[in-house]
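K.L.:
Using only what follows, build the 3D model:
(one chain, ligands or ions: 2)
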Amino acid sequence: MQRRGLLIILSSPSGAGKSTLTRRLRDWDPSIQFSVSATTRDPRPGEEDGKDYRFLTQDQFRRDVAEGEMLEHAHVFGNFYGSPKGPVQAAIDRGEDVLFDIDWQGAQQIVNSALGAHTLSVFILPPSITELHRRLVSRGQDSDEVIAKRMQKSWDEISHWGSYDHVLINDNLDDTATDLQKIVEATRLRRLQQPALLEHVRKLQTEFEELK
Ligand code: ADP
Ligand code: 5GP
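P.N.:
Numbering: from 1, shown residues only. Ligands and ions are numbered 1, 2, ... in the order given. Model prediction:
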């Protein structure tokens, strides 16, 4: 049965495991598209333009926002981030799911957008703040100053956990990845994701009337 694509939103404080869980989910089902965000921050070592992010200047970013090309956008850790609208709409129209690694501000904007009925939002909590810090340090990609800034902001992000559909504590990675898969599988079966159900019920009604 043809289904409507889901907008799968993952949020968490930086370092709790969104990028890792994104990779796990796409290894499990490669048909899930990743929404490549635009950002004005500098690339980290190993990050590729167009794959991890589209790296834009502030002027380019502002122009895209002004032209209505962003589904949502926000200012995070001193930089602009946003989700380009075009690729998302195209994927949803093909019946494919799109995964977003975005903060709570972006999540709220998408939930309140015209596509809001098709979102699945998941918040990832760390097992402890000490472990969150350890993960940021062990990732080895940010300076001490950047890590300190992200730690300072982590409570801001965590405080929005209650507005998400699902909340997972990312302690054991395999367990969290499995739970995320189960949530996606179940949400794909939601009535709203299956427009063909209406046609099926109409057929049942016709048959019912004919048998009367
Ligand atoms: P985010 O995208 O939320 O900023 P990452 O996915 O980059 O976080 O994870 C931060 C670091 O923590 C990475 O080095 C990653 O390998 C590690 N990590 C992620 N999940 C777990 C986990 N469940 N247990 C231990 N380490 C983890
Ligand atoms: P990072 O710089 O570590 O890649 O991302 C920093 C924060 O920005 C993370 O919380 C991430 O989820 C968020 N982020 C990344 N892309 C977007 C986006 O397109 N929109 C919004 N609102 N937040 C984003």
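
K.L.:
got a list of what the closest residue to ligand 2 within the chain touches?
P.N.:
With CB to the nearest ligand atom as the measure, residue 106 is the residue of the chain nearest to ligand 2, at 2.5 Å. Backbone N, C-alpha and C define where each C-beta goes, glycine included. The contact partners of residue 106, by CB atoms under 8 Å, 6 or more residues apart in numbering, come to 9, 11, 72-74, 81-83, 100.

K.L.:
Could I have the PyMOL command that selects the buried members from those?
P.N.:
Applying 16 or more other CB atoms under 10 Å to the contacts of residue 106 leaves a buried subset, and the PyMOL line that selects it is:
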select buried, resi 9+11+72+73+74+81+82+83+100
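
K.L.:
Low-confidence regions, the chain specifically.
P.N.:
Residues of the chain that meet the criterion pLDDT under 70 lie in 1.

K.L.:
Residues of the protein that sit close to ligand 1?
P.N.:
Residues of the chain found near ligand 1 (CB under 6 Å from any ligand atom) are 12, 14-20, 135, 138-139, 170, 173.

K.L.:
Return the members of these classed as buried.
P.N.:
Members of the residues of the chain next to ligand 1 classed as buried by 16+ other CB under 10 Å are 12, 14-18, 20, 135, 170.

K.L.:
ok, and which of those reach ligand 2?
P.N.:
Among those, ligand 2 is touched by 14, 18 when using CB under 6 Å from any ligand atom.

K.L.:
and which of the buried ones among the residues of the chain next to ligand 1 is nearest to residue 61?
P.N.:
Minimum distance to residue 61 across these is 20.0 Å, recorded for residue 14 (CB to CB).

K.L.:
Now do the helices in the protein.
P.N.:
Here the chain has its helices, by DSSP state H, at 18-28, 58-66, 85-93, 104-111, 129-139, 144-158, 173-188, 196-211.

K.L.:
highest average neighbour count across those helices?
P.N.:
helix 104-111 (a mean of 20; mean count of other CB atoms under 10 Å).

K.L.:
Surely residue 15 and residue 138 touch.
P.N.:
No - contact criterion CB atoms under 8 Å: residue 15 and residue 138 do not qualify, at 9.1 Å.

K.L.:
quick one: the closest residue to residue 50 other than its chain neighbours from residue 56, how far?
P.N.:
In space, residue 50 comes closest to residue 36 once its chain neighbours are excluded; the distance is 6.6 Å by CB to CB, 6 or more residues apart in numbering. To residue 56, residue 36 is 12 Å away according to CB to CB, to the nearest Å.

K.L.:
Same question for residue 23.
P.N.:
According to CB to CB, residue 23 and residue 56 sit 24 Å apart.

K.L.:
again with residue 83
P.N.:
13 Å.

K.L.:
So which bits of this protein are right by ligand 2?
P.N.:
Residues of the chain lying near ligand 2 (CB under 6 Å from any ligand atom): 14, 18, 37, 41, 72, 74, 76-77, 81-83, 101-103, 105-106.

K.L.:
taking the residues you listed one by one, which sit in strands?
P.N.:
Counting by DSSP state E, the residues of the chain next to ligand 2 place 37, 72, 74, 76, 81-83, 101 in strands.

K.L.:
Name the nearest of those residues relative to ligand 1.
P.N.:
Once CB to the nearest ligand atom is applied, the member of those that ends up nearest ligand 1 is residue 101, at 6.4 Å.
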